[in-house]
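Undergrad: Sequence first, predicted coordinates after that:
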Number of protein chains: 2
Amino acid sequence: MVTSDVAARFARSATERDTAVLSTAEFHRWWARRCEVDQFQVTPIPFAELDGWHFEAASGNLAHDSGRFFTIEGLRCQGDAGREWTQPIINQPEIGILGIVAKEFDGVLHFLMQAKMEPGNVNRLQLSPTVQATRSNYMRVHQGSRTRFLEYFLEAKRGHVLVDVLQSEQGVYFWRKRNRNMVVEVTEDVPEHEDFCWLTLHQLLDLLKVDNLVNMDARTVMACMALSFPPDRPPAPTPFQEALLRSYDPAYGGVHTPTEIISWFNERKAVSDWRAHRIPLRDVAQWARTADEIADADLSRFRIMAVRVGAGNREVTRWSQPLLAPCHDGLAAFFTRNIGGVLHLLVQSRSEPGLLDIIEMGPTVKLPAVQDGGADREGHSVPFAAELAAMEPERIRFSALLSEEGGRFYHAQTRYQIIELDESFPLDVPPAYCWLTVHQLMDLVRHGHYLNVEARSLLACLHAVS
Amino acid sequence: MVTSDVAARFARSATERDTAVLSTAEFHRWWARRCEVDQFQVTPIPFAELDGWHFEAASGNLAHDSGRFFTIEGLRCQGDAGREWTQPIINQPEIGILGIVAKEFDGVLHFLMQAKMEPGNVNRLQLSPTVQATRSNYMRVHQGSRTRFLEYFLEAKRGHVLVDVLQSEQGVYFWRKRNRNMVVEVTEDVPEHEDFCWLTLHQLLDLLKVDNLVNMDARTVMACMALSFPPDRPPAPTPFQEALLRSYDPAYGGVHTPTEIISWFNERKAVSDWRAHRIPLRDVAQWARTADEIADADLSRFRIMAVRVGAGNREVTRWSQPLLAPCHDGLAAFFTRNIGGVLHLLVQSRSEPGLLDIIEMGPTVKLPAVQDGGADREGHSVPFAAELAAMEPERIRFSALLSEEGGRFYHAQTRYQIIELDESFPLDVPPAYCWLTVHQLMDLVRHGHYLNVEARSLLACLHAVS
């Protein structure tokens, strides 16, 4: 099948160490130079100073004057056991493109990555896909210049599509936001530009270990690249890595069949009472609007704020916009366990009100704040959070502080971790959890609405430790 | 993989002709007897005579007194080119179960089918899955007796799950209705009951050719059973059937790769401007409510009515309920063409406002009325409808008049057809259409929200001509 050929080519790009067109040292020099010349300035401003945005009289929604782009609205949610709440939500009912251009150099796929500034990034520039474009963006609603390299991803494609999956983003902050995660291979010459460079998947995975360097959009596209290693691969250097590499191989199977996994997932949806619908922002209870922000009474979740942006190489050179600022850094961790010689991940069926079908598969533990250490907002104990907080450091196979979408979130960071459990950890888990192999996750991520955005980030991180 | 083993077992059940526990003659005698003893009576009544239903004062919605079951509400829709309309819609925000119990007899899988009465069926009884249960149904909201055999499909399953897919139903009539399509295999003895009998897939497929016998719920579950024929199968008797059997075999491939197909589907979603949201039934324009019905001004689409039902073997023995009555029989046809020796189906990306993601893949042609012959409700020409209307009879490989969901629709029938095109039919098709093999469709139907309910019915019909 063509699919497996592509997976073998991705795997080769993930393992080849000495074929990159740009050495890692050269990459870092290029990156340092990009940061030096960056003219990006982000200044928090009162809502009244937003250009082209207004609070709608009737609803209180914060909207763009064009009627497009995105709006800040309200959401009424019903969760487990009849729990109800309201909250602000970002609504952008459009399908955007997160696209990476790929090209072979010396037989190895390289990926065209961008040094891109986003107003919400803690560090201004992060390594991003070739193209990040909302539909408003590429239809040029806000009158910017044309998105560079967009032509590779539009209907009359100039390349060969290797990946194209419609994936969700944070369902706690976004109302049904989705993007096409795309990789398009070209054979023609691609014009050079100082903000772009070619990297192998091996280099990209290595850069995932650096805090706040590879952005969320790049991570989710990377997660959609299924990897398939040759059967005659050399043994891995450690037992953990050997179990991990076997987990990529469908020949090893898992404790559950694909049908059992989807049946478990459907059962979780069938028993769920979660509901959510949009309401006017004005009707969101317990959140107050001041001149500068919309925040919940106890400042425990997030606030809506506004910034003014000036920059040299964005589609428009000066603009202002609202952003959503989480109050804390989040925590997302996958527990992994060797079961019969094959590494399995403990996946959680997780409800988020803004997801199209509410439930997707997430990491074992997802906490809105690193320091919560075991209890959710209502004080309920979060399964496995206490175990995570008490984890011996030598069991942490991956740990990095990575940023979420800097185009909509202000200074949103999540601590991503991959944990190696020992074989004393019980295989019997609560009904909301299920053991999956990496191969099974890669099969599911070929389709939308299975793996949530944090699970996808961690799947990419897992490739980085294999 | 376990999955392919199951597909081989389904295929064996679809091809074995002489191993059925009940001969087809015995089946027909049993069926005739079921029809004889049927006590079912359905009487249209004015809305005022509905027991346990009322029109809500503020919204005008027609609702069950329990607040559950289903409601008739309004929907505001925006379609292509800014076209807007409102219409009534059935809202039942729950995931039900369509489940078939399977068991091997003499090494061949048999399926436990039910002679089930539904108030909307033109002929009262139709051949149905072992279990059809909404969540309200099996939570016993309307105080009926327990659904027989339901225990095989609930959380602590007593069997081995062969199929479990969350599939949509008619998005023109239902707001996001979905059911788990399940097949569960048991090895234990299953209690006999006069309303149930064991049939092979071969028998079931053969019965699909009989008008209004195999109900919609049985067809959609049958469509979720992927078939895989052995590589050493004998040649098929006709060139059409040989091309069809090759189309089941992934070794033959298709004109598009799986990635290209999903990319086409995502592109269709990305360029769509369709939107829909629920509104009070009172706000639906151009539909009028009388004592007996809610109908559109020109009686061209459907009407909402009410019936009283008396029956011997339903969960409750007497009840009344609203039903949706289409004004015409529908038409659904797949065009098929031999491309390089492999049969391909011409699939349409079709928008229906009540689908969770609006767009799913449907048959080549779907018309709300057989007699429309080429124009949709607004008088636009429907692609390929004229060709279908003028089709030579010898190109029609399958044609049957089959019923839609009799629990919610009154006398809703669709003419299902499979057409064999000749090789003069162009391979280049408009952007909303794509050529897929049977194997590719079977791969997609393992997941929800790809194939719509008419495409699934036709996929089952296609198995019947192979």
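TA: In hand now; what should we look at?
Undergrad: beta partners for A:Thr437?
TA: A:His344 (DSSP bridges).
Undergrad: What is the neighbour count of it?
TA: 26 (other Cβ atoms under 10 Å in any protein chain shown). (Glycine included, C-beta is placed from N, CA and C.)
Undergrad: again with A:Leu205
TA: 23.
Undergrad: before we move on, what about A:Pro430?
TA: Neighbour tally, A:Pro430, other Cβ under 10 Å: 9.
Undergrad: What parts of the stretch 201-350 of chain A come near chain B?
TA: Taking Cβ under 8 Å from any Cβ of the partner chain as the criterion, the stretch 201-350 of chain A approaches chain B at residues A:250, A:257-260, A:262-263, A:266-267, A:269-271, A:275.
Undergrad: For PyMOL, write the selection for the buried entries among those residues.
TA: Here is the PyMOL selection string for the buried members of those, based on 16 or more other Cβ atoms under 10 Å in any protein chain shown:
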select buried, chain A and resi 257+258+259+260+262+263+266+267+269+270
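Undergrad: want to try CSV for the residues of the stretch 201-350 of chain A next to chain B, with pLDDT as columns?
TA: Converted to CSV, these look like this (pLDDT from 0 to 100):
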residue, pLDDT
A:Pro250, 95
A:Thr257, 94
A:Pro258, 95
A:Thr259, 95
A:Glu260, 95
A:Ile262, 97
A:Ser263, 96
A:Asn266, 96
A:Glu267, 94
A:Lys269, 96
A:Ala270, 93
A:Val271, 91
A:Arg275, 94
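Undergrad: In helices, which of the residues of the stretch 201-350 of chain A next to chain B appear?
TA: A:Pro258, A:Thr259, A:Glu260, A:Ile262, A:Ser263, A:Asn266, A:Glu267, A:Lys269, A:Ala270 (DSSP state H).
Undergrad: Adding distance to A:Asp51, write these out as a markdown table.
TA: Formatted as a markdown table, these follow (distance: Cβ to Cβ, whole Å):
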| residue | distance to A:Asp51 |
| --- | --- |
| A:Pro258 | 51 |
| A:Thr259 | 53 |
| A:Glu260 | 54 |
| A:Ile262 | 48 |
| A:Ser263 | 51 |
| A:Asn266 | 47 |
| A:Glu267 | 49 |
| A:Lys269 | 43 |
| A:Ala270 | 47 |
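Undergrad: Just give me the neighbour total for the closest residue to A:Tyr450 other than its chain neighbours.
TA: Leaving aside its chain neighbours, A:Tyr450 sits nearest to A:Leu444 (4.0 Å; criterion: Cβ to Cβ, 6 or more residues apart in numbering or on different chains). With neighbours defined by other Cβ under 10 Å, the count for A:Leu444 comes to 23.
Undergrad: just A:Arg148 next, same as before
TA: Neighbours of A:Arg148 (other Cβ under 10 Å): 16.
Undergrad: any idea how far it lies from A:Ile304?
TA: Counting by Cβ to Cβ, to the nearest Å, the separation of A:Arg148 from A:Ile304 is 30 Å.
Undergrad: try A:Glu56
TA: On the measure of Cβ to Cβ, A:Glu56 and A:Ile304 end up 14 Å apart.
Undergrad: Show me which of these two is the more surrounded one.
TA: A:Ile304 (21 against 14).
Undergrad: mind checking which helix or strand the more buried one is in?
TA: A:Ile304 is located in strand A:302-310, with elements delineated by DSSP states H and E.
Undergrad: Go through that strand and flag the buried ones.
TA: So strand A:302-310, judged by 16+ other Cβ under 10 Å, has buried residues A:Phe302, A:Arg303, A:Ile304, A:Met305, A:Ala306, A:Val307, A:Arg308, A:Val309.
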